[in-house]
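Need a 3D model of the following:
(one chain, ligands or ions: 2)
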Amino acid sequence: MTRILAIESSCDETACAIVNDKLEIESSIVTSQIDTHARFGGVVPEVASRMHVEQISTIIKSALNGRSLDDIDAIAYTRGPGLIGCLHVGAAAAKSLALFYDKPLIGVHHLKGHIFVNELIEPLHYPLLALVVSGGHTELVYMKDEDSFEILGTTLDDAIGEAYDKVARIMDLGYPGGPKIDKLAKEGKPHYDLPLPKVSGYDFSFSGLKNACLQLSDRLKRKGEPLIGADLAYAFQEVALHHLLDKTLKVINDHEVKHVLIAGGVAANSRLRSLMSENIKDINLTLPPLKYCTDNATMIAIAALKEFKHHRFVDLDVASLSSFDIDE
Ligand code: KG4
Ligand code: ZN
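Ligands and ions are numbered 1, 2, ... in the order given. Prediction:
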């Protein structure tokens, strides 16, 4: 049996997990720094890397829970993309373990983790289309097989999660804004008109929508009229999520797709999940449980098992990459 110990530290979660090749999660520890960053209204990179430094040894120790590394076959870590200072902390910890215990080292692409974690739910069928939506990403990834990744569409400006967080800030909802808008929008009514982004092909754009929210809020303030938060949350979310859905359906229409999955923090959104299941009927659709949508190390271990199978290891001197192409 192959067993991987994996470390994730690309943004504001410090995590370590041990997963075997039967996809059994032997251990998984995740700590989030969200409460700290909430005080600043968003992730502060310098604070995040310092917190990873403070937490990482304890997290690895908890994940090991007294077991030795004798039966661990490789050490994996998130090589990128992410906040560079944060990535370095996970990389340094993984490299130290690999060097000291003489284990192969696997540098994992973060988005592959978000995609392959869905194997915990059901086998993936190819060609597959992954809609990866998070604080840093909005990507339509087309996979002919488990080793080919083609980015068919991406955002031309803000990531979808970033747009959620910024619009939430306009309404003083606090960070992270995604879950708050998700909840508030359930009480909202169609009242405000916001422009649907116009972008050709499979790409996305959210900055115009975000600015339209800001302008609406400023205009109402100038007129002394109240902004109905629930209605703005509703309007923003309907436009943003239909934009995601339209492009996803466009790819399905133009390509052979046997399986669609959503991944990343925004995949936790309840409206996105219902829109996807209402509109994607004749194709396998995986909506991962919420705990696998946000960052964790289990997903890094699962992606690493594939690298292990092909003996794709990295050297100790390999660099972490804040931007990292998935097909590199
Ligand atoms: O994947 P993730 O945990 O971290 C990144 O790699 O970015 O995603 C975090 C993002 C944040 O922008 C957060 O507001 C958003 O995911 N998010 C949501 C929801 N839950 C988290 N956005 C919309 N609706 C949600 N329920
Ligand atoms: Zn992520």
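
Every contact and neighbour count from this point should use C-alpha atoms.
Will do.

what about the nearest residue to Thr14 once chain neighbours are set aside, helix or strand, and which?
Using C-alpha to C-alpha, 6 or more residues apart in numbering and skipping residues adjacent in sequence, the residue nearest Thr14 is Thr31, 5.4 Å away. In the assignment (DSSP states H and E), Thr31 maps to strand 25-32.

buried sites along that strand?
Ile25, Ser27, Ser28, Ile29, Val30, Thr31, Ser32 (16 or more other C-alpha atoms under 10 Å).

quick one on the thing from earlier: surely the residue nearest to Thr14 meets Cys11?
No. If you go by C-alpha atoms under 8 Å, Thr31 and Cys11 don't touch, sitting 11.4 Å apart.

State the distance from Leu152 to ligand 1.
The gap separating Leu152 from ligand 1 is 19 Å, by C-alpha to the nearest ligand atom, to the nearest Å.

which residue sits closest to Arg271, ignoring its sequence neighbours?
Closest to Arg271 by C-alpha to C-alpha, 6+ apart is Asp182, at 7.2 Å.

in what helix or strand does the one you found lie?
helix 177-185.

Is that helix positioned near ligand 1?
Yes. Using C-alpha under 6 Å from any ligand atom, helix 177-185 reaches ligand 1 at Gly177, Gly178, Pro179, Asp182.

who touches that helix?
161, 164-169, 173, 229-235, 237, 266, 269-271 (C-alpha atoms under 8 Å, 6 or more residues apart in numbering).

Tell me the buried residues within the residues you listed.
161, 164-169, 173, 229-235, 237, 266, 269, 271.

Report pLDDT for Ala319.
According to the prediction, Ala319 has pLDDT 97.

Check Gly174 too.
At Gly174, pLDDT is 89.

Then Ser200?
pLDDT recorded at Ser200 is 95.

show me where the stretch 1-150 of the chain has helices.
Counting by DSSP state H, counting those that start in this stretch, the stretch 1-150 of the chain has helices at residues 34-38, 45-64, 84-101, 110-116.

which one of these is the most hemmed in?
Neighbour counts (mean count of other C-alpha atoms under 10 Å) averaged over each of the helices of the stretch 1-150 of the chain peak at helix 110-116, with a mean of 25.

Ile151 and Val251, how far apart?
Plainly put, Ile151 is 11 Å away from Val251 if you go by C-alpha to C-alpha, to the nearest Å.

so, in contact with ligand 1 or not, the helix or strand containing Gln215?
Using DSSP H and E, the element containing Gln215 is helix 207-223. No. Counting by C-alpha under 6 Å from any ligand atom, ligand 1 is not contacted by helix 207-223; separation bottoms out at 13.6 Å.

If we go by neighbour counts, what in that helix is buried?
In helix 207-223, counting by 16+ other C-alpha under 10 Å, buried: Ser207, Gly208, Leu209, Lys210, Ala212, Cys213, Leu214, Leu216, Ser217.

contacting residues for the fourth one?
So the one you mean is Lys210. Contacts of Lys210 by C-alpha under 8 Å, 6+ apart are Ala163, Lys166, Val167.

Averaged pLDDT, the helix holding Asp182. What do you get?
97.

Same check on stretch 69-85?
Average pLDDT, stretch 69-85: 97.

What lies in contact with it?
By C-alpha under 8 Å, 6+ apart, stretch 69-85 touches 2-11, 45-46, 49, 87, 90-91, 94-95, 97-98, 101, 103-110, 300-301, 304, 308, 319-324.

go with 7 Å
With contacts defined as C-alpha atoms under 7 Å, 6 or more residues apart in numbering, stretch 69-85 is touched by 2-11, 45, 49, 87, 90-91, 94, 98, 103-110, 300-301, 304, 320-324.

filter those to the buried ones?
3-11, 45, 49, 87, 90-91, 94, 98, 103-110, 300-301, 304, 320-322.

Okay, and which of the residues you listed map to strands?
If you go by DSSP state E, the buried ones among the contacts of stretch 69-85 have Arg3, Ile4, Leu5, Ala6, Ile7, Glu8, Leu105, Ile106, Gly107, Val108, His109 in strands.

Tell me how far the last one lies from Pro190.
Right, His109. 40 Å.

now swap in the third one and tell me
In this view, Leu5 and Pro190 are 48 Å apart by C-alpha to C-alpha.

Tell me how far the helix or strand of the chain at the bottom of the mean pLDDT ranking lies from the chain's centre.
Across the helices and strands of the chain, mean pLDDT, DSSP states H and E gives its lowest value to helix 34-38, namely a mean of 84. Its chain's average C-alpha position is 18 Å from that of helix 34-38, according to C-alpha atoms, centre = their mean, to the nearest Å.
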